[in-house]
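> sequence isn't available, so here's the structure alone:
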């Protein structure tokens, strides 16, 4: 069986990391898996990126043109948007390979145009890493237009780009697409969507290789990172201002600002870029973006008592997956994709949706010594039992085989 995965990058971003893990897990199961990207930085097997300077320039030009159009027609700065209106050469690469299955992942930044997707000759599988496939231009949205449609006239705009893109999707996505929802939250959204409520949907979570992700002794990890051994350690992921509201960073701000938890006994570790909006938190230690996933990240997770993920919208939550494998529990809100990664008060804590007081109570409950020790053991066990890369690869293979057996 030959499978072609399509994702913009092989390492940059959550979708890239997830796609790489799926691709590598299939290779281990002797599947002839290929990964086509526009941004290649890894040395993974069977990963193909731009093969000339001209191709790199072409990719940047498409991205730049798309940015100009988005800047002109989209005013919302709190989010990520893709138009996918410019033709690219990736369609020819796919059809020249002639795979049995073409598996789409995150295809923003004009990686392939909407009409070109219909011209893929092999059956199409599409993993939902965010909401873009069933919305218009938005990768995440609080609105329900993906359910009702984008046809309402917008009198304030001469040209509504969301309506136009959504209509293009409605026109060109009128063929069988086999979707993979990585969480029940995504599955529910897709089943309710106007575009794809009658399409085939499989629920398959993202995988993690337990051979590489496991706990390091907490005391040792803290000594190496030079952390205060007498304070509880909270870990937060920061992705910059354009995701600040969706990721719930303002909720963390409020909890600390209002002293809803005892900040004097807490040290905060932040993975990702510095954000001035978080500077009011006490005892912050930034780690930035780490490329050495199997050592540095594992060390940070193992040194932490609790991961905070107060996202308002979240497709899955790979940080919770990685943290759990390292014995670090997560607190997140119900009604998000991260809900599937947590057993309430067993391997983590699920706060009532957008209830800040309940989230703060959850932090205190999780940091209790007796509770935290139990949560740590259970989170490692739950992650290994439910997100094993080998088992999830088999689920992908089973789906591919089922599609190929269809008349």
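The structure has been received and is ready for your questions. These figures come from a predicted structure and were not determined experimentally. Numbers count the residues shown, from 1 in each chain.
> which residues touch residue 91?
Contacts for residue 91 (CB atoms under 8 Å, 6 or more residues apart in numbering) come out as 112, 116, 119-120. From N, CA and C alone the C-beta is placed, and that goes for glycine too.
> now, which of those residues sits nearest residue 325?
Nearest to residue 325 out of the contacts of residue 91 is residue 112 (CB to CB; 32.9 Å).
> how about the closest one: what's its closest non-neighbour residue?
residue 90 (4.9 Å; CB to CB, 6 or more residues apart in numbering).
> longest helix in the chain, by number of residues?
As assigned by DSSP state H, the longest helix anywhere in the chain is helix 53-73.
> follow-up on the earlier one: now the contacts of residue 91: which count as buried?
Neighbour-count burial (16 or more other CB atoms under 10 Å) applied to those gives 112, 116, 120.
> on the pLDDT front, check the last one for me.
At residue 120, the model reports a pLDDT of 98.
> repeat for the one 3 residues further on
The score at residue 123 is 98. That number is its pLDDT.
> count of residues packed around it?
A count of nearby residues for residue 123, using other CB atoms under 10 Å, gives 18.
> I figured it hits residue 104, correct?
No: applying CB atoms under 8 Å as the test, residue 123 and residue 104 come out as separate, 11.3 Å apart.
> wait, what's in contact with the residue nearest to residue 106 when sequence neighbours are not counted?
Leaving out its chain neighbours, the residue that sits closest to residue 106 by CB to CB, 6+ apart is residue 15, at 3.5 Å. Going by CB under 8 Å, 6+ apart, residue 15 touches 7-9, 105-106, 129-130.
> let's see that with 7 Å instead.
Applying CB atoms under 7 Å, 6 or more residues apart in numbering, we find residue 15 in contact with 7, 105-106, 129.
> can you redo the residues you listed as a markdown table with secondary structure and neighbour count?
Shown next, in a markdown table, are the contacts of residue 15 (DSSP: H, G, I helix; E, B strand; the rest coil; neighbours: other CB atoms under 10 Å):
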| residue | secondary structure | neighbour count |
| --- | --- | --- |
| 7 | coil | 30 |
| 105 | coil | 25 |
| 106 | coil | 25 |
| 129 | coil | 27 |
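> using a markdown table, please lay out these together with pLDDT and distance to residue 158.
Formatted as a markdown table, these follow (pLDDT from 0 to 100; distance: CB to CB, whole Å):
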| residue | pLDDT | distance to residue 158 |
| --- | --- | --- |
| 7 | 98 | 35 |
| 105 | 98 | 35 |
| 106 | 98 | 31 |
| 129 | 98 | 33 |
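> make TSV out of the contacts of residue 91 and add secondary structure.
Listed next are the contacts of residue 91 as TSV, based on DSSP: H, G, I helix; E, B strand; the rest coil:
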residue	secondary structure
112	coil
116	helix
119	coil
120	coil
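> where does pLDDT dip in the protein?
The chain contains residues with pLDDT under 70 at 77, 153-157, 239-242, 275-282, 289-294, 407.
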